[in-house]
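Undergrad: I'll drop the sequence and a predicted model, then ask my questions.
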Amino acid sequence: MSTATNRTYATGKRKTAIARVWVSPGSGQVIVNDKPADEYFERETSIMVMKQALELIEAADQFDVWATVNGGGHSAQAEAMRHGISRALVAMDPERRSVIKRAGFLTRDARKKERKKYGQPGARKRFQYSKR
């Protein structure tokens with residue numbers, strides 16, 4: 001998390017989605033992978049999740065967000081962006097940390113898909129046991 005010319009960078013993660021986020025003072029414009037957020041994300045829910053950190057501190061129209069995301073699906077990418085935006089906002093002003101932390105936006109959700117084990121049909125599923 002570094003600051004360069006009034007832009008703050010942070011990385012957000014969720015499942016296999018990784019979001020590299022730059023936050024700077026501005027008019028509330030959100031660009032994701034060179035597209036406006038409402039054009040990139042298909043669901044209104046994903047846009048709402050992504051902007052939760054900004055709306056929590058009541059600064060949705062005070063910061064511009066520019067992000068590159070890859071991996072995962074749109075829902076995980078939106079949550080990864082929320083994580084990145086939260087970390088960038090805290091890096092800009094450490095006094096915001098308690099509010100954002102209490103909402104749970106600084107915690108990296110570590111739940112991932114469990115890998116499939118060899119000789120078995122799935123991660124936990126086993127072939128049916130036959131005694132005879």
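TA: Everything's here; your move. Numbering: from 1, shown residues only.

Undergrad: Tell me who's in contact with the residue nearest the centre of the chain.
TA: Within the chain, one residue has its C-alpha closest to the average C-alpha position: by Cα atoms, centre = their mean, that is residue 80, at 1.3 Å. Residue 80 makes contacts with 12-14, 17-19, 69, 72, as judged by Cβ atoms under 8 Å, 6 or more residues apart in numbering. The C-beta positions use only the backbone N, C-alpha and C, and glycine is treated the same way.

Undergrad: pull the CA atoms of the lengthiest helix in the chain into CSV?
TA: Of all segments of type helix in the chain, defined using DSSP state H, the longest is helix 74-92. Below are the C-alpha coordinates for helix 74-92, written out as CSV (Å, rounded to 0.1, in the frame of the first residue of the first chain):
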residue,chain,number,x,y,z
HIS,A,74,-18.1,-11.1,-10.9
SER,A,75,-19.3,-11.5,-7.3
ALA,A,76,-15.8,-12.4,-6.0
GLN,A,77,-14.3,-9.6,-8.0
ALA,A,78,-16.7,-7.1,-6.4
GLU,A,79,-15.8,-8.3,-2.9
ALA,A,80,-12.1,-8.2,-3.8
MET,A,81,-12.6,-4.6,-4.9
ARG,A,82,-14.4,-3.8,-1.7
HIS,A,83,-11.5,-5.2,0.2
GLY,A,84,-9.0,-3.2,-1.9
ILE,A,85,-11.0,0.1,-1.6
SER,A,86,-11.2,-0.4,2.2
ARG,A,87,-7.5,-0.9,2.5
ALA,A,88,-6.7,2.1,0.3
LEU,A,89,-9.1,4.3,2.3
VAL,A,90,-7.4,3.3,5.6
ALA,A,91,-4.0,4.0,4.0
MET,A,92,-5.2,7.5,3.1
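
Undergrad: Residue 31 sits in which helix or strand?
TA: Counting by DSSP states H and E, the element that carries residue 31 is strand 30-32.

Undergrad: how far is that strand from where the chain is centred?
TA: Strand 30-32 sits 13 Å away from the centroid of its parent chain (Cα atoms, centre = their mean, to the nearest Å).

Undergrad: Within the sheet, what are the partner strands of the next helix or strand after it, with directions?
TA: As assigned by DSSP H and E, the chain's next helix or strand after strand 30-32 is strand 35-36. Within its sheet, and counting by DSSP bridges, strand 35-36 is paired with strand 30-32 (antiparallel).
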